[in-house]
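A.B. asks: Quick one: sequence plus predicted model below, questions after.
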Amino acid sequence: MSLDTEAVQQQPATAAQPEGAPQEWEPRIVGFACNWCTYAGADLAGLSRLQYPPSIRLIRVPCSGRVNPQFVIRAFQRGADGVLVAGCHPGDCHYSTGNYFTRRRFLLMQNMLQYMGMDPRRFQARWISGSEGPKFQQVITQMTEDIKALGPNRKMRDVE
Amino acid sequence: MKYAYYPGCSLHSTGIEYNMSTLAVAKKLNVELEEIPDWNCCGASAGHTTNHLLGLALPARNLAIAEKQGLDVMAPCASCYNRMKTAEVAVKSSPEIRAKVAEITEMDYAGNSGVKSALEVFLKEVGLEKIKASLVRNLGGMKVAAYYGCLLVRPNGIGMDDPEDPMTMDDMITALGGEAVQWPFKTECCGASLPTARSKVGLKMVNDILQMADISGVDAIVTACPLCFVNLDMRQNDLNKKAGGNFNIPIFYFTELLAIALGEKPGKVGVKKHFVSTAQVLDKYNLK
Amino acid sequence: MRKVGVFVCHCGSNIAGTVDVEKVAQEAAKFPNVVFATDYKYMCSEPGQQVIKDAIKEHNLDRVVVASCSPRMHEPTFRRCIQTGGLNPYLLEMANIREHCSWVHPDKAKGTVKAIDLVRKAAAKVVKNEPLQKSSINITKRALVIGGGIAGIQVALDIADAGFPVTIVEKEPTIGGRMAQIDKTFPTLDCSACILTPKMVDAAQHPNIEIISYAEVDKVEGYVGNFDITIRKKARSVDMNKCTGCGTCWEKCPTKVDSEFDMQLGKRKAIYTPFPQAVPNKPVIDREHCLKFKTGKCGICEKVCPTGAVDFTMEDELITQQYGAIVVATGFDQFDHSVYGEYGYGKYPDVITGLHFERLVNASGPTMGKIKRPSDHKVPETVVFIKCVGSRDEAKGKTYCSRTCCMYTAKHATLMAEKVKGSKSYIFYMDVRTPGKGYEEFYKRTQGEYGAQYIRGRVSKVYPKGDKLVVRGEDSLLGRPVEIEADMVVLASAMVARSDAGDLARTLGISYDKDNFFTEAHPKLRPVETHTAGVFLAGACQGPKDIPDSVAQAGAAAAKAIGLLAKSQMETEATVSQVDESRCSGCLLCKSICPYKAIDVKIIAERVGGKTVERQVASVNKSLCQGCGACTVACRAGSLNLLGFTNEQILAEVEAVCL
């Protein structure tokens, strides 16, 4: 069973160049990062000067459990090429249980998005702790590469 | 109640008494046994030590035949039971193993038919209540040590009773009117083939078990494994001659005592074939 | 129309090196609602902050965006800054263009694009920010300590000394706990009772401490600063006010019962105090065994009592009291080794546990301190100690190390050598772990001076042979099997959570781990707090601990409780959940999701069609809410919102970065 028809309709990489951007197409990834783990992990990546593609825009939330599926849908609607929801490792949630809700919601969301024909690589949930700067770097790099290969999101984008 | 019967090599040779008494008990308790047609080696001893997959494929073939018959298997020999149970668990837990085994045996064994030891079939499935109701005579307080050895109760997940302090046979002894002597060596290693291969090591192991039984003041030892039986029964003479022992402990298969209590004549279940004479103890407790 | 000011920081060259900060400020000035944008070398510096304050005045700003480092770094700084500049501190947003941009993206062109995006995001959000106020709650200046062992006693003494009233609720008839059962303490070998009983007396006599023994916590309501606690005083059958503790009753009582305090090795009466130094030193009647309660006959204690204190009709009594803080110090149970067939399933009388050994060696124990084995009261000459019984065993026991067993086993071997001259102790171990002051030295003395023989390996079987116990194991250093004929075997059984720990945790609303130990708020940085504000942990209820660690943790828990009680009022989080009652359907799905019990039901009255109807809605307790926002996503009607991180704010951010 394969619902991700998207890879087949892959667009040439030059299709949607943002204005003023340099030659290569850079995907736009919206990241929801919990304040206590992943946001801190991203800060640590900065402190450690770990380079990663400038594709990610992090939105700080108190807990990954605060991320309403609406936010994800809205990001895709407005043209995000990927969405990342990231929080503390299961069991380490600052609020004890928030990320368990995230985990369940993510699976449902993932199913729904796949059903809609969205490639699952565009929507990811990751557990990145405040001490995992290198993991943050690696996740962003990998996700950027995956989405570069997929090309821009045209699936749920509002008609312009 | 019907089972596919897997006698294995022992019950057709050194453990002939076990076969005779098992069939006798089955008849008395209305357990129908149908021998697995064209059965092969269970994979014990040489088989599973040579090759892990061979050790699974051999018993799986027997189980596959039983599965076709739509029957669970009863394997009286502890070693056969252990191998078949191992194969059953392995096939059930891993589709890959199932596929590999099917490729080798050219028969797909799905794990629907399982294996039970004779202890489980007679003492758990038929049950002690029914046995008690069918008793013709009782053991009259005979002091019996139940000896389980290693293969019936180990490893965890394969064994049919508690690996440290099994009670299945003890409960049977009590039900038959004997005294189940509680002793610490129920699951000691009998030495298996060591008395032959490295007699010094092997004979010491047999010696320790017999000595502990002796200290515990038993009239007899009861077992459910042909290899244990051979070691305990046949080596007493060896020990008496070579190591200055003075052992004279009759060894029984549990099915022999069960058959006798259910009214079978002792001669019919093979007790006269033992190395250590059973006549005295049977006399003493009026079980002729 | 909002008036937003944007302030872009160079952070020296930290940001300006890879981000064109001037361009960022120029672009920001074009964003909707932005009326002022500038850049400055160090925004967080005194003159930098002055730039912001001046701009607020000059341009009449009502919202501020600072584009600089991580808000985890300087959000408090800039909140204070705009507050002194005359704005509510929550009207600030930060764009993290250092950690998330200039430091990780060396390409200045791309970095600048991203920095502009991040500032746009912050500007879009800040427009939706509303002024928020922290709220405050009153604090009841009284603490409850659950459990009267050494940890609970220490907590109570420390809080009481700071001037606050404390109640100790103890399940047993006396305080003292496990430490009272122990004979000597490692590594100094001073007598446990000699250092514990004075503390018990101190607690009993302290004007600020009330001890309620033979009682349990029944119900906990309320929240930090204002817990309403219901305590169940179990029917003692003895009037505490009349009883003088003279002891006539238990001398005359005809019923002997196995003593729990003596680990069933000795006897007590049906009316009893667990041990002579009990505090309070007044008995209780064990109704399960008392003849009067079983058969209706006897009643000797009532007849002999000189003060008429015995009262067979007494019933459980519930008392309710308000407390500001709770410290849980309920201690541990000993692992039940009857799961181990190799050690005889608990059937051999001479295979005992460490706590049994403590009672056997204790001068006030059942053998008056003479080490005699339980079966035939013979003095054991050869003793085998087996460590890690139930600890570090994934198959049958617990995965963790119990931390105390290595030391108490060494202590036991030392006591064997001292009390039974010529005796021999063998100790089977997996590892010897002695991290603690003077611990390793003590262990070395046990081996050297006291001649205990340590054998590295596990025991495969213990079985009786005549009147001996044969211990068969492996010496893994020599690589061969060993057999020892012993007179007694002592198992170093694991420390496990109290069997009713889960129930208490649910009553208190605190979390517990897979082994039922209570969970601290942070394993390193908040070791004595729980996730529930106002509830603290002390001693072995949080995990295996020895006496020094328990006492240290008790002091820490007391300090935390004192810190709370010392305030008259407590400030609470401003970014909390808020219910839009007009949209709330009262389904209360949010209530079950909230990890802090911050959501409760509330009845509101509404005018519908000219009539007043009552209906239920969710209500957030602002002092309990920690602002995680889990409820906001669960709310079907979207009537819950998280202040500071509202749906509108986050969606504005999403839109801004997707432009």
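C.D. replies: That came in fine, so what should we check first?
A.B. asks: Can you give me every residue that contacts the spatially most central residue of chain C?
C.D. replies: Compute the mean C-alpha point of chain C, and by C-alpha atoms, centre = their mean the closest residue is C:Leu537, 3.3 Å away. C:Leu537 is in contact with C:327-329, C:518, C:520, C:528-530, C:553, C:557, counting by C-beta atoms under 8 Å, 6 or more residues apart in numbering or on different chains. For every residue, glycine as well, the C-beta is placed using N, CA and C.
A.B. asks: a markdown table for the residues you listed, including pLDDT, secondary structure and neighbour count?
C.D. replies: What follows is these, written out as a markdown table (pLDDT from 0 to 100; DSSP: H, G, I helix; E, B strand; the rest coil; neighbours: other C-beta atoms under 10 Å in any protein chain shown):
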| residue | pLDDT | secondary structure | neighbour count |
| --- | --- | --- | --- |
| C:Val327 | 98 | strand | 31 |
| C:Val328 | 98 | strand | 28 |
| C:Ala329 | 98 | coil | 30 |
| C:Phe518 | 94 | strand | 24 |
| C:Glu520 | 90 | coil | 22 |
| C:Val528 | 96 | coil | 22 |
| C:Glu529 | 94 | strand | 19 |
| C:Thr530 | 89 | coil | 24 |
| C:Gln553 | 97 | helix | 25 |
| C:Ala557 | 98 | helix | 31 |
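A.B. asks: I'd like those residues written out as a markdown table, with distance to chain A added.
C.D. replies: Listed next are these as a markdown table, based on distance: C-beta to the nearest C-beta, whole Å:
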| residue | distance to chain A |
| --- | --- |
| C:Val327 | 20 |
| C:Val328 | 17 |
| C:Ala329 | 22 |
| C:Phe518 | 13 |
| C:Glu520 | 12 |
| C:Val528 | 17 |
| C:Glu529 | 13 |
| C:Thr530 | 10 |
| C:Gln553 | 21 |
| C:Ala557 | 20 |
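A.B. asks: Would you point out which residue of chain C is nearest chain B?
C.D. replies: Here chain C gets closest to chain B at one residue, C:Gly341, 2.1 Å apart by C-beta to the nearest C-beta.
A.B. asks: Not counting sequence-adjacent ones, nearest residue to that residue?
C.D. replies: The shortest distance from C:Gly341 to any non-neighbouring residue, by C-beta to C-beta, 6 or more residues apart in numbering or on different chains, is to B:Glu164 (2.1 Å).
A.B. asks: What is the burial count for the one you found?
C.D. replies: Close neighbours of B:Glu164, defined as other C-beta atoms under 10 Å in any protein chain shown, add up to 18.
A.B. asks: what's the answer for C:Ser511, then?
C.D. replies: Other residues lying near C:Ser511 total 17 when counted by other C-beta under 10 Å.
A.B. asks: What of C:Lys444?
C.D. replies: By other C-beta under 10 Å, 13 other residues sit near C:Lys444.
A.B. asks: and B:Ser193, how many neighbours does it have?
C.D. replies: 12.
A.B. asks: Report pLDDT for it.
C.D. replies: For B:Ser193, the pLDDT comes out at 84.
A.B. asks: For chain A, just list every one of the helices.
C.D. replies: Counting by DSSP state H, chain A has helices at residues A:38-47, A:69-77, A:98-115, A:133-150.
A.B. asks: which helices and strands does the shortest one pack with?
C.D. replies: Spelled out, it's helix A:69-77. On a contact count with 3 or more C-beta pairs under 8 Å, 6 or more residues apart in numbering or on different chains; DSSP states H and E, helix A:69-77 meets strand A:29-34, strand A:82-87, helix A:98-115, helix C:647-658.
A.B. asks: 7 Å instead, please
C.D. replies: Judged by 3 or more C-beta pairs under 7 Å, 6 or more residues apart in numbering or on different chains; DSSP states H and E, the packing partners of helix A:69-77 are strand A:82-87, helix A:98-115, helix C:647-658.
A.B. asks: check contacts around C:Lys597.
C.D. replies: Shown in contact with C:Lys597 (C-beta atoms under 7 Å, 6 or more residues apart in numbering or on different chains): C:509, C:624.
A.B. asks: and it, helix, strand or coil?
C.D. replies: Following DSSP: H, G, I helix; E, B strand; the rest coil, the label given to C:Lys597 is coil.
A.B. asks: And it, how far from C:Gln578?
C.D. replies: Using C-beta to C-beta, to the nearest Å, one gets 17 Å for the distance from C:Lys597 to C:Gln578.
A.B. asks: Find the closest residue to chain A in the stretch 101-250 of chain B.
C.D. replies: For the stretch 101-250 of chain B, C-beta to the nearest C-beta, closest residue to chain A: B:Ala110, 25.4 Å.
A.B. asks: okay but B:Arg98 is in contact with B:Lys92, surely?
C.D. replies: No. With contact defined as C-beta atoms under 7 Å, B:Arg98 does not reach B:Lys92; the gap is 8.1 Å.
A.B. asks: Could you check which of those two has the larger neighbour count?
C.D. replies: A count of neighbours by other C-beta under 10 Å puts B:Arg98 above the other of B:Arg98 and B:Lys92, at 19 against 15.
A.B. asks: quick one, what contacts residue 79?
C.D. replies: If you meant another chain, say so; for now it's chain A. Going by C-beta under 7 Å, 6+ apart, A:Gly79 touches A:153, A:157, C:658.
A.B. asks: Switch to chain B, please.
C.D. replies: Neighbour list for B:Ser79: B:42, B:44, B:151, B:227 [criterion: C-beta under 7 Å, 6+ apart].
A.B. asks: what helix or strand is it on?
C.D. replies: Using DSSP states H and E, B:Ser79 sits within helix B:78-93.
A.B. asks: now do the same end-to-end measure for stretch A:29-46.
C.D. replies: End-to-end distance for stretch A:29-46, by C-alpha to C-alpha, to the nearest Å: 18 Å.
A.B. asks: Cheers, nothing more for now.
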